[in-house]
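Q: model this:
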Amino acid sequence: MTMAPGIETTLRAALAERVGESRFGLWFGEGVRLGLVEDSLEVGVPNTFFRDWIQGHFATNLVDAAREVTGRSLRLSFRVDGEGAPPLGHVIDPPPPDANDRPPAPPKTIPMPSPAPAPPADKPRSQTIPHAAHGSTATHLPSHARPLKRLDDFVTGTGNRLAHAACIELVQTLGGSFSPLVIQGGVGLGKTHLLEGIASALRARHPGLKVIQITAEAFTNGFLDAMRHGTLTAFRARYRSAGALIVDDIHFLAAKKATQDEFLHTFNALIADGSPIVLATDQHPRQIPKLTDELATRFLGGMVVKLEAPDPATRRAILKAKAAARGVIVPEAVLAYVADHLRASVRELEGALHSLIAHASMTGKKLDLALAKTALRDTIRHTAKAVALKDIEKAVCQLFTIEPDALKADNRARAVAYPRMLAMFLARKHTGAAYSEIGRFFGGRNHSTVISAEKKVLGWLKDEARNGLLAGFETMGDLLNSLERTLGA
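A: Prediction:
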């Protein structure tokens, strides 16, 4: 790597002007080098995480800064320290998609599973949150524990890209852009993965930072135990001195008034100190029952991001990445079959893949579409939930907090009529019931009323109509997605 005297300094200054001093210091400080190799601008990085992040987010800035300083259009290449020859010709023009969308490394061509690979060399060596001397309640991971998830292992798609980007931003700015970050999503959509990824990345970027990662249930149990044993002072000091607080299942605090009050004081202390807070919940803060207004408004004071169920392309990408991590090639037809039939969660997809690999291993059969149909027959049958009109009625009434009689009554008020239209639309989509049957169920209405409701909802979806019925949902499409997740459809 060569560089004429003064050019690197000028280049770094031009780059800092484009990306901002804060981001430049985080991503181009000590350990990242810039050099000229023939017609390329080579970026030397300490590990693959830095390479992927810089490649995915600063490629254009690097190329533009190099053009300004050298007067030439240079290609962009990377050298990862300790990994041999640099991948010259790794051209980034235009910038590639998010680092997590990159295809996994080619797996071994075998029909049978191989042992899980060792953790990547660039993973932080210690997975221990500072405790003892700092008062953290986290414990050291046992030697047999699974490696913690990382942000660069998270497969992104249309339903989770914003949440992933928000996590990266929080790590990068240490909460300077927003805090708290509230990650909302159903079971198995990746909330815990993102929380673990944030914790790992914070420790790697900010060595010595006191990161506390805990569940709301553990916080509650610790608080009650401290009250019983008269150790509240130590409990409060432990949490209120955190450099970053990451709490899963924050909805667990609902209806626990004393614990909510305690968490409120902890929250206020950390925000006042500028310590980032990350929370995960299965509902929007405004929809968590019996959550105090004080906490709900504070949770909304940062950024709330929602994880949606993965779309078909994302489901296939997740399966491919998981298979590659196991060292197993899965044919595209099998990936498509699993992705088309299992749609609810990432956890469900991963479980199906494990079943396939285990079935191939135990039977000695080739992992192909025929085996997938045999091995997953019961899983798919039990997963494909039959939706009844009563199920739709229950889901709609629960979400909108209205009584079934009101939903069926001759009430044309928007707060009732629109949920009824959504219910009729879902009934046509998921039950196969005739228009007349749906009309009779929802208050003895005729078939034309159901047809009109179906057209109305389709219009909302086509126009991406804004939601004015229920807080926490941006569009009417968001409302429908939530109802369909409840139905398991």
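Q: Give me the domain ranges for this structure.
A: 7-96, 151-307, 312-383, 389-487 (automatic domain parsing).
Q: among the ones you listed, which is the most enclosed?
A: domain 151-307 (a mean of 19; mean count of other Cβ atoms under 10 Å). Quick note: C-beta positions are derived from backbone N, CA and C, even for glycine.
Q: ok so, going back, pipe the domains of the chain into CSV and attach mean pLDDT per row.
A: Compiled in CSV, those are given as follows (pLDDT from 0 to 100):
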stretch, mean pLDDT
domain 7-96, 73
domain 151-307, 93
domain 312-383, 85
domain 389-487, 88
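Q: And residue 17, how far from residue 28?
A: According to Cβ to Cβ, to the nearest Å, residue 17 and residue 28 sit 12 Å apart.
Q: Mind listing the shared neighbours of those two?
A: Here residue 17 and residue 28 have no joint contacts, going by Cβ atoms under 8 Å, 6 or more residues apart in numbering.
Q: Residue 347 contacts residue 187, doesn't it?
A: Yes: A contact is recorded between residue 347 and residue 187 when judged using Cβ atoms under 8 Å, the distance being 7.3 Å.
Q: could you pull out the helices for the stretch 151-300 of the chain?
A: With DSSP state H, counting those that start in this stretch as the criterion, the stretch 151-300 of the chain has helices at 161-173, 191-205, 216-229, 232-240, 257-273, 293-299.
Q: Would you check that residue 477 makes contact with residue 463?
A: No: using Cβ under 8 Å, residue 477 is not in contact with residue 463, being 9.9 Å away.
Q: Wasn't residue 31 part of a strand?
A: No: counting by DSSP: H, G, I helix; E, B strand; the rest coil, residue 31 is not part of a strand but coil.
Q: Would you mind listing the residues in contact with the residue nearest to it when sequence neighbours are not counted?
A: Of all residues not flanking residue 31 in the chain, residue 46 sits nearest, at 4.3 Å (Cβ to Cβ, 6 or more residues apart in numbering). Counting by Cβ under 8 Å, 6+ apart, residue 46 touches 31, 32, 80, 81, 122.
Q: can you redo these as CSV with distance to residue 433?
A: Output for these, formatted as CSV (distance: Cβ to Cβ, whole Å):
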residue, distance to residue 433
31, 63
32, 61
80, 58
81, 63
122, 55
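Q: Max pairwise distance over those residues: which two?
A: For the contacts of residue 46, the farthest-apart pair by Cβ to Cβ is 32 and 122; their separation is 13.5 Å.
Q: ok, now how distant is residue 442 from residue 399?
A: Applying Cβ to Cβ to residue 442 and residue 399 gives a distance of 16 Å.
Q: nope, residue 77 is what I was after
A: The value you get for residue 77 to residue 399, if Cβ to Cβ is used, is 52 Å.
Q: Then residue 347?
A: 23 Å.
Q: and if you look at residue 172?
A: Counting by Cβ to Cβ - residue 172 and residue 399 are separated by 36 Å.
Q: cool, residue 428 as well?
A: 18 Å.
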